[in-house]
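Student: What would the 3D arrangement of this be:
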Amino acid sequence: WGKGGARPVYYATGAPQGLGRFKSDATGIANLAGRSAAAMALGAQASATLDPAFADRCRQAAHTLYALGRAKEGYQQGNSYGAP
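Tutor: Modelled structure (predicted):
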């Protein structure tokens, strides 16, 4: 812990996460999936003429992420309120 030390990693599962008694209030992953889907859609638009194959992969990822957000509506919270 501290400067240069280990940091916890939280996976986007939609379930409350945290260390010990400090749990988040996560209820889903729609907020995270939506932002990621938007980034992939913008990537598809930006690369459409330069690299159509890459643009198609970005577009497919955007659709997958959007569907994931619809399936797990709510928000993902990586840190908990009141944690030290």
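
Student: Excluding covalently adjacent residues, which one is nearest to the residue most central in space within the chain?
Tutor: What sits nearest the mean C-alpha location of the chain, by CA atoms, centre = their mean, is Leu32, with 3.6 Å. Of all residues not flanking Leu32 in the chain, Gln76 sits nearest, at 4.5 Å (CB to CB, 6 or more residues apart in numbering). Every C-beta, even on glycine, is put in place using the N, C-alpha and C of the backbone.

Student: Any idea how many residues pack against that neighbour?
Tutor: By the criterion of other CB atoms under 10 Å, Gln76 has 22 neighbours.

Student: Show me where this structure dips below the pLDDT cut-off.
Tutor: 1-2, 8, 78-84 (pLDDT under 70).

Student: follow-up on the earlier one: the residue nearest to Leu32 touches Asp25, doesn't it?
Tutor: No - with contact defined as CB atoms under 8 Å, Gln76 does not count as touching Asp25 (10.2 Å).

Student: and Arg35, how far is that from Ala12?
Tutor: 11 Å (CB to CB, to the nearest Å).

Student: Neighbour count for those two, which is higher?
Tutor: Ala12 (17 against 12).

Student: so how far is Thr49 from that one?
Tutor: Distance of Ala12 to Thr49, given as CB to CB: 32 Å.

Student: returning to that earlier point: mind listing what the residue nearest to the centre of the chain touches?
Tutor: For Leu32, the contact set (CB atoms under 8 Å, 6 or more residues apart in numbering) comprises Ala12, Gly69, Tyr75, Gln76.

Student: Over to Gln76?
Tutor: Ala12, Thr13, Gly14, Ala26, Gly28, Ile29, Asn31, Leu32.

Student: let's go with 10 Å and repeat that
Tutor: For Gln76, the contact set (CB atoms under 10 Å, 6 or more residues apart in numbering) comprises 10-15, 17, 24, 26-33, 69.

Student: And what about it, helix, strand or coil?
Tutor: Three-state call for Gln76 (DSSP: H, G, I helix; E, B strand; the rest coil): coil.

Student: For it, give me phi and psi.
Tutor: With angles defined as degrees, to the nearest 10, Gln76 sits at phi -100, psi 130.
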